[in-house]
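Participant: Can you look at this prediction? I've put the sequence above it.
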Amino acid sequence: MSPQPQAAVGAPLSRVDGRLKVTGKAQYAAEFDVDGAVHAVIVDASIGRGRITGIDTGAAEAQPGVLRVIHHGNAPKLPYRDNAGSNNPPGRRQRVFQDDRVLFHGQPVAVVVATTLEAAQHGASLVKVEYDAERPSTDLHDAERDKPTNYARGDAEAGLRDAPVRLDLTYQLARNHHNPMEPHATIARWDGDKLTVWDKTQWVMGTHDELAAVFGLPAESVRVINPFVGGGFGSGLRCWPHSVVAALAARETKRPVKLVLSRKQMYFGTGFRPSYEYRLRLGSDGRGRLTAAIHDIDAETSSYETFTESVMGAGQMLYSMPNVSQAYRTVPLDVNTPIWMRGPGFASASFVIESAMDELAHKLGVDPIELRRRNEPNEDESSNLPFSTRRLRECYTVGAREFGWQRRSARPRSRREGDWLIGLGMAAGVYDPGRYPAQARARLDADGTAVVEAATSDMGPGTYTSQTQVAADALGLTMRTVTFRLGDSLYPRTSPHGGSATMASVGTAVHDACNQVRQQAIELAVEDRESPLYGVKADDVVVRGGRLHVQANPARGETYRTLLARNDRTHLEAGGSYTGPPSPERHSYHAYNATFAEVAVDATLGLVRVRRMLGVYDAGRIISPKLADSQAIGGIVGGIGTALLEHTATDHRDGRIVNANLADYLVPVNADVPEVRAIYLDGEDNDGNALGVKGLGEVVQVGVAAAIGNAVFNATGRRVRELPITAEALL
Amino acid sequence: MHPFTYIRVSDTREALNAGRRGGRYIAGGTTLVDLMRETVERPEALVDISGLPLDEVTVTERGGLRIGALVTMSEAAAHRKVRTLFPVISEALELSASAQLRNMATIGGNIMQRTRCTYFRDVTADCNRREPGSGCAALEGVNRTHAILGTSDACVATHPSDVAVAFAALEAQVRLLGPDGERQVPFADFLLRPGSTPNREQALRKGELITAVEIPALPRPLKSGYLKVRDRQSYEFALTSAAVALHVRGGLIREARVAAGGVGTVPWKLPAVERHLVGERPSDSLWTAAAAKAAEGARPLQHNRFKVELLQRTVERQLRIVGGTK
């Protein structure tokens, strides 16, 4: 096959769905106008652990408009089949209204279905639930830990003992919630035994499989639709209990049911980035060459499921060192189950490792970038595999130059502007992007336009646009003539839209499907006596703007339309696939960054204000530079939140989340977001996948919090090992 | 939200009649509607007063200001007379809420707004303010943002308003209209400390309507300003704040008006700080010494101990910003 000219890929295009979004025509889950839909509102448990001893639904049921109140006392038993291949963590998943147990504060204990939203809300407030309450255990520092997951190479204890320089540091990382703009929502409709669901999700197939498993339905009886997602950051990677509640309520009332979580319910109705206590002991020689690291990692999970994430990866391969030991312990608490959140695991670990590296640099009097260069590995020491690409050194060089790193004084508190102390900090970032099996279908119609479909999602990175770019180039069509469709479980199956996997995985499948369609057309032409391309070697033909021609002789060719019309073909069609990375892996495939921050800290009031941020990314080929900038800015803003503001606060007396709203759970607002700049190292990662991409959405948040924390130290001389960094730590 | 009736009134007589029958006044609705959604507030009847002619800012004969109760926060903040006579009021308003909320919310509603205490706003939590006798969950709970001054064993919630801090500093008067006619209440007496009855928040009689907030004249030249300290740079309630107005003549401070926000169960006037300033020459050491008195009587809780120090530093900073030097 001759290489197709690259026209759309790499172009800084605006979103193809931008107009739909800004004109309000993009339909989000709760916005589908499903005929006859009624409304459901969940009643949340007001204790942190215990049993329901009584439910009085009389007042609620007496309200005009209320159709039904469903709870464990009257709900049918649901099959809850196992769902292998799902994102459900090991354990026994929350089963809605199946028994009287309350596992955490806010757990659904009943649902009120009514003809109007107002009646359902009012009805929910009238349901009286009696409990036998027990004191919940919700404090990470005061609970029993599970057996650890371990990793070891060399002898870390001995390495540390013998190290001339040692650090022993413990970090506390707050729980963070995703807080997407769009609340989670589900509309469920039964047509006989067939269930159709409009659901906010990052994985229509995941919701599809879970609902089939919970209700014991054959796969073909469930359809899940979700063309637009108003932000996710990971919160949509799993089918949550409220989706089951909606489907159950629809079945019980024999009406389509719409259920939208309130902002408050988002804090316990979906997952979160778990809180951590992370002790890191580092040993190095006198020049800062690392010799040993011991990681003791405690992370919260629920009492009923064991959620884990990739928090061990960075400690194993970011820097070269002979001795590493890690113990990762989950701590089961009376909380709902966590879920991945942007940069999962790596973002948390990187705050610890990169803060500690900054401490080591300061202790040794070595520049933090130089310290990192001295510890740059030649191969992935956790797998002994060569890197597909690893260009961290270039990230450092470009970042230092563009950020003005040489203006940083190594001595803290040395730059002051009025009441403000100014500091610079940096951190390295790494992420292990996913590559998961995916399928796609491409269809070229006789009118010369194409439709490409995959059951993936677009939570914000611009999947619609970037997949259209890939498809357009592979088909030799313009962007305008290609339509990419996603968000329907009837489309070819993909894996979750998360983990920075979508372009490498779905993109490769799309690329494959479109290549096949183009190839079919080329073969049709070269074998067609009436085609000007008759007899040409198929490998010598390319397609540009919908016209096939000899690569070396653009004058000789014809359009798809002419070709298909003459051959009486209504369309050409092909399925494409991506089967995942080679097994065993031949390369260590990671995305990297160097992130730089300049902060101002009010010397007496302790306020931290970020002034400038720069991220330099080794993320392989950038398919869509304008979308990439949106990703980078979003990731950095998320990192500012983690560093300075975000903290889900729990009252340990009863497990209540006390800041379950956007006034008290602080995310950065525009005023908190300064000049943010992103630079992508030019190039591609051809050992990773056919498109040469490494995924960008996660790595952009990794290292941000550490860069800010390190800048705070440079400004103030104060080392804060607890996130978020708030005024009281700096007074 | 519980069901309620809603009427619009077009004159004050009509409003007072509805108020006397137990109707709750609503104007911008930016607090009340929120709390109704959470079922914290369950009024049976709403009386929409936004059509009443209480929406003017006027200069009083002696050179003070009268701000009508229905003047919106954004109108008051932008008003030329407010900006020139009392910048502290404009600044406090502009550092409050968001532009959208300031366009809806009124001055009368602003000083009536209820606490942001998370336990008050969650009907499943114990709260004496919401449900007398149920207890105070904040006392031993998550209380980083709570009050250190004016608290009681029954309640430790802060008053959230910024502009009320400016009003308290400037010793404003609240003008009220009730079935028995008009009266005027000093701002310091209008908002009530919780004591053993935190459910009683204002010195309002049944059916009484706020018609205006009046700022008394102060000798000129007067410098004033508001400083708000918070985690996020915009759209957040104060951890601490300070409203300061100083009249300096002949090199000496002749009048001082100082109050703090984010720390008290009501906007916290600081007479000890004021007394320390009057008659003195502005200097950094004066600001430090005066501000040291800002947290007198503070009773910090488990998570808000930092507010004692932060309050003093906030007052010190704002004295310097308004009074100069360094």
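Facilitator: That came in fine, so what should we check first? Not measured: the values here are computed from a predicted model. Residues are numbered from 1 along each chain as shown, chains lettered A, B, ... in the order given.

Participant: what are the C-alpha coordinates of the one helix or strand residue A:356 maps to, in PDB please?
Facilitator: Using DSSP states H and E, residue A:356 sits within helix A:346-364. Extracted in PDB, the C-alpha atoms of helix A:346-364 (Å, rounded to 0.1, in the frame of the first residue of the first chain):
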ATOM      1  CA  PHE A 346       0.700   8.300  38.200                       C
ATOM      2  CA  ALA A 347      -0.600  11.800  39.200                       C
ATOM      3  CA  SER A 348      -0.600  10.700  42.800                       C
ATOM      4  CA  ALA A 349       2.700   8.900  42.800                       C
ATOM      5  CA  SER A 350       4.400  11.700  40.800                       C
ATOM      6  CA  PHE A 351       3.600  14.300  43.500                       C
ATOM      7  CA  VAL A 352       5.400  12.100  46.000                       C
ATOM      8  CA  ILE A 353       8.400  11.100  43.900                       C
ATOM      9  CA  GLU A 354       8.900  14.500  42.200                       C
ATOM     10  CA  SER A 355       8.600  16.400  45.500                       C
ATOM     11  CA  ALA A 356      11.100  14.000  47.000                       C
ATOM     12  CA  MET A 357      13.500  14.500  44.100                       C
ATOM     13  CA  ASP A 358      13.200  18.200  44.600                       C
ATOM     14  CA  GLU A 359      14.100  17.700  48.300                       C
ATOM     15  CA  LEU A 360      17.100  15.600  47.300                       C
ATOM     16  CA  ALA A 361      18.200  18.200  44.800                       C
ATOM     17  CA  HIS A 362      18.000  20.900  47.500                       C
ATOM     18  CA  LYS A 363      19.800  18.800  50.000                       C
ATOM     19  CA  LEU A 364      22.700  18.000  47.600                       C
END
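
Participant: and it, average pLDDT?
Facilitator: Averaging pLDDT along helix A:346-364 gives 98.

Participant: Tell me the helices and strands packed up against that helix.
Facilitator: In terms of contacts (3 or more Cβ pairs under 8 Å, 6 or more residues apart in numbering or on different chains; DSSP states H and E), helix A:346-364 is packed against strand A:165-173, strand A:276-284, helix A:313-317, helix A:368-374, strand A:420-431, helix A:704-716. Quick note: C-beta positions are derived from backbone N, CA and C, even for glycine.

Participant: which one of these is the most hemmed in?
Facilitator: Mean neighbour count (mean count of other Cβ atoms under 10 Å in any protein chain shown) peaks for helix A:704-716 among the helices and strands packed on helix A:346-364, with a mean of 29.

Participant: C-terminal to that one, what's the next element?
Facilitator: Following helix A:704-716 toward the C-terminus (DSSP H and E): strand A:722-723.

Participant: Pull the contacting residues for residue A:618.
Facilitator: A:389, A:390, A:391, A:392, A:394, A:395, A:591, A:592, A:593, A:681, A:694 (Cβ atoms under 8 Å, 6 or more residues apart in numbering or on different chains).

Participant: ok, of those, which come out buried?
Facilitator: For the contacts of residue A:618, a neighbour count by 16 or more other Cβ atoms under 10 Å in any protein chain shown gives the buried set as A:389, A:390, A:391, A:392, A:394, A:395, A:591, A:592, A:593, A:681, A:694.

Participant: In the stretch 101-250 of chain B, what residue spans correspond to strands?
Facilitator: Taking DSSP state E, counting those that start in this stretch as the criterion, the stretch 101-250 of chain B carries its strands at B:173-178, B:181-186, B:209-215, B:223-229, B:240-249.

Participant: Just checking: what are the partner strands of the second one?
Facilitator: Using DSSP bridges, the neighbouring strands of strand B:181-186 in the sheet come out as strand B:173-178 (antiparallel).

Participant: how about low-confidence regions in the stretch 1-150 of chain B?
Facilitator: Nowhere does the stretch 1-150 of chain B drop to pLDDT under 70.

Participant: Closest residue of it to chain A?
Facilitator: Nearest to chain A, among the residues of the stretch 1-150 of chain B, is residue B:124, at 3.8 Å (Cβ to the nearest Cβ).

Participant: who are the neighbours in contact with that residue?
Facilitator: Contact analysis of residue B:124 by Cβ under 8 Å, 6+ apart lists A:46, A:656.

Participant: got the phi/psi numbers for it?
Facilitator: Main-chain dihedrals, residue B:124, degrees, to the nearest 10: phi -90, psi 0.

Participant: Then residue A:120?
Facilitator: Dihedral angles of residue A:120 (phi, psi; degrees, to the nearest 10) stand at phi -70, psi -40.

Participant: now swap in the one 10 residues further on and tell me
Facilitator: Note on residue A:130: backbone dihedrals following degrees, to the nearest 10 are phi -100, psi 140.

Participant: tally of neighbours for the nearest residue to it once chain neighbours are set aside?
Facilitator: Spatial nearest neighbour of residue A:130, excluding adjacent residues (Cβ to Cβ, 6 or more residues apart in numbering or on different chains): residue A:54 at 3.9 Å. Residue A:54 has 11 neighbours, counted by other Cβ atoms under 10 Å in any protein chain shown.

Participant: and residue A:54, that's in a strand?
Facilitator: Yes. Checked against DSSP: H, G, I helix; E, B strand; the rest coil, residue A:54 lies within a strand.

Participant: For residue A:110, see how far away it is.
Facilitator: Remark: distance between residue A:54 and residue A:110 (Cβ to Cβ, to the nearest Å) = 12 Å.

Participant: Make sure residue B:231 is actually in contact with residue B:240.
Facilitator: No. Contact criterion Cβ atoms under 8 Å: residue B:231 and residue B:240 do not qualify, at 11.4 Å.
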